[in-house]
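In: Turn this into a structure:
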Amino acid sequence: MKPSTPLYKFKNACLLILAICFSNFLWSQNKKTTLPTFDEKAVKAVIDYMKTAGIPESEYEGYINFKRAEFEGKQNGTWEKPIVFKTMMPDSPVVTGCVNADFADTTFSSWRGSTGCHPGATAGVCTSGCCSTVGYVTGRHEIISVSGNDPVGGFPIIPPGRSVVVKLGNSNNGSQAEEISKSFIVTPASSGFTYWYAVVMQDGGSSHTAAQQPAFEIIMFDDVTGDTIPCSRYYVASGQNIPGFQTNGTTVYKPWSTVTLDLTNYINHQVTIRFRTFDCSLGGHYGYAYLSGDCFKSEIPDPYFCDGWNPDTVLNLTAPAGYSSYEWLKNGVTVANTQNITVHDPKLGDQYIVELTPYHTGNDSCGITLGYQIKLTPHPILPDYCPTQNIFTPNQDNKNENYTTHDYSWISKFNIKIYDRWGKLVFESEDPLKEWNGKNKGGDKSDDGVYYWHTSYVSSCYPDAEPKVCKGFVHLLR
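Out: Alright, predicted model coming up:
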């Protein structure tokens, strides 16, 4: 029988306290050595940040993968911070989306600017180097959205298809140099980059070496590895007989040129595109350029067509713009050397390849090959081509404001009618893209309640077929 003296109880209590303390100690040590994971909570935090930053949803996947790689790399000690070039803004945030690449918002948002001097500038002229002073300088970084012609070359300041450009540099001399650059995470939605440029430079003549002349440079880096992206570098110094340049007195100029870079090998990497302009190193001759850029999805969808219903079917195949040459091959045989081709009476299974050669590289290895496989058009007669939305709230909160139809690709002879509970027609349209805003045909707000809809359509491949009919209802709540 166990004793029940106070001393014995005190001893047991002490042992219990020691056991609890030791258990807590072991738990705390285990907690310290258990590494956190990049879980759903972490993903949500990244998404919340991107929403706050106004980043488009098309860029979410790439940035989440980037942050996951960063997190896991820091945990196992293999993470190396992407290289930051000296011309970047100090502590500037990573730009995840390829936003404002075309300067469409008429600001330098998501771009970085800097100034300096020609690297070979002589003492007493300009000796700060290129381009060590971060920031934009009025007259050396200029956004232009008003059309006009360059006073030297006579070419349009804004190229066809663009609405805004940046003028980098000016017509003042003094051995000045200017730079502008942009970084972004490459995603499937931004796996291609196109830029437009035009250049004007004075020619220093025989008194200047090529290294002393005004110059222009373009280059793109992989910030993760620090490597130059193949086929991206272009450097030209002023002088006579430069391919693609024209002459006006002592000035040479190149009108607008378009260049496209394929970045599919750099998805989830941060890359930087950089442009620089230089006056001559001796201080007496100027150089400047006009620039614009844009990202696009480099993967081109395969063409579809309606097989069998029309022997005169015609397909138009379009390759990306911005290449110096194009070669189309059908089943291995060259058929055209243009950007666009027309295919008459296509056959299911035909294979078309287009080989693209970029501008100014002088390197055959810089060519890009894209393939096309002719496919059948899907026959749109499935029920899911009917509207699926069953509620909408037109209350001016910018959420679920309109009643929309579903995906009506390859649809013709479309019609939708919406009735109130008493059978009165309140909305009708033959445009599948037109949405009902909750107002009746007189323009007044419709009451809350249930509304009944009726749609009909036929396949654009079979326009004489019996129409497909769908019926259903939708709740309007304000």
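In: Look up which residues are beta-bridged to residue 200.
Out: On the basis of DSSP bridges, residue 200 is bridged to residue 253, residue 288.
In: pretty sure it is touching residue 253, no?
Out: Yes: the criterion here is C-beta atoms under 8 Å, and residue 200 meets it with residue 253 at 4.4 Å. Backbone N, C-alpha and C define where each C-beta goes, glycine included.
In: Against residue 198, how distant is residue 258?
Out: Distance of residue 258 to residue 198, given as C-beta to C-beta, to the nearest Å: 10 Å.
In: Mutual contacts of these two, please.
Out: residue 159 (C-beta atoms under 8 Å, 6 or more residues apart in numbering).
In: neighbour-wise, which of these two wins?
Out: Legend: neighbour count by other C-beta atoms under 10 Å for residue 258 and residue 198, higher for residue 198 (24 against 18).
In: thinking that one is in contact with residue 245, fair?
Out: No: judged on C-beta under 8 Å, residue 198 makes no contact with residue 245 at a distance of 10.7 Å.
In: Identify the contacts common to the two.
Out: Common neighbours of residue 198 and residue 245 (C-beta under 8 Å, 6+ apart) are 253-254.
In: between residue 200 and residue 253, which one's more packed in?
Out: Taking neighbours as other C-beta under 10 Å, residue 200 and residue 253 compare with residue 200 leading, 28 against 22.
In: and stretch 441-456, which residues are buried?
Out: Within stretch 441-456, the residues that qualify as buried are 446, 451, 453, 455, counting by 16 or more other C-beta atoms under 10 Å.
In: who's in contact with stretch 345-352?
Out: So stretch 345-352 is contacted by 303, 305, 307, 311-313, 315, 317, 328-331, 341, 343, 371-376 (C-beta under 8 Å, 6+ apart).
In: Give me the distance between the two termini of it.
Out: 14 Å (C-alpha to C-alpha, to the nearest Å).
In: same thing with stretch 338-346?
Out: The first and last residues of stretch 338-346 sit 19 Å apart, counting by C-alpha to C-alpha.
In: Show me this structure divided up by domain.
Out: Split into domains by automatic domain parsing, the chain comes to 41-76, 111-296, 304-376, 383-476.
In: Looking at those domains, which is nearest to residue 98?
Out: Distance to residue 98, taken as C-beta to C-beta, is lowest for domain 111-296 among these, at 3.5 Å.
In: The closest one: how far from the chain's middle?
Out: Chain-centre distance of domain 111-296: 21 Å, with C-alpha atoms, centre = their mean, to the nearest Å.
In: can you tell me the distance between the two ends of that domain?
Out: End-to-end for domain 111-296, by C-alpha to C-alpha: 18 Å.
In: Now do the contacts for residue 412.
Out: Residues near residue 412 by C-beta under 8 Å, 6+ apart: 457-460, 463.
In: Next step: the residues you listed restricted to strands.
Out: 457-459 (DSSP state E).
In: Tell me the most packed of the residues you listed, by neighbour count.
Out: Using other C-beta under 10 Å as the neighbour test, these are led by residue 457, with 24 neighbours.
In: any idea how far that one is from residue 447?
Out: Taking C-beta to C-beta, one finds residue 457 at 29 Å from residue 447.
In: three-state assignment of residue 242?
Out: When classified by DSSP: H, G, I helix; E, B strand; the rest coil, residue 242 comes out as coil.
In: got a list of what it touches?
Out: Per C-beta under 8 Å, 6+ apart, neighbours of residue 242: 236, 252, 254.
In: By neighbours, which of the residues you listed wins?
Out: residue 252 (25 neighbours).
In: Please list all residues in contact with residue 100.
Out: By C-beta under 8 Å, 6+ apart, the residues touching residue 100 are 107, 109-111.
In: ok, now residue 396?
Out: Under the criterion of C-beta under 8 Å, 6+ apart, residue 396 has no neighbours.
In: and it, what pLDDT?
Out: At residue 396, the model reports a pLDDT of 80.
In: With residue 436 instead?
Out: Reading off the model, residue 436 has pLDDT 87.
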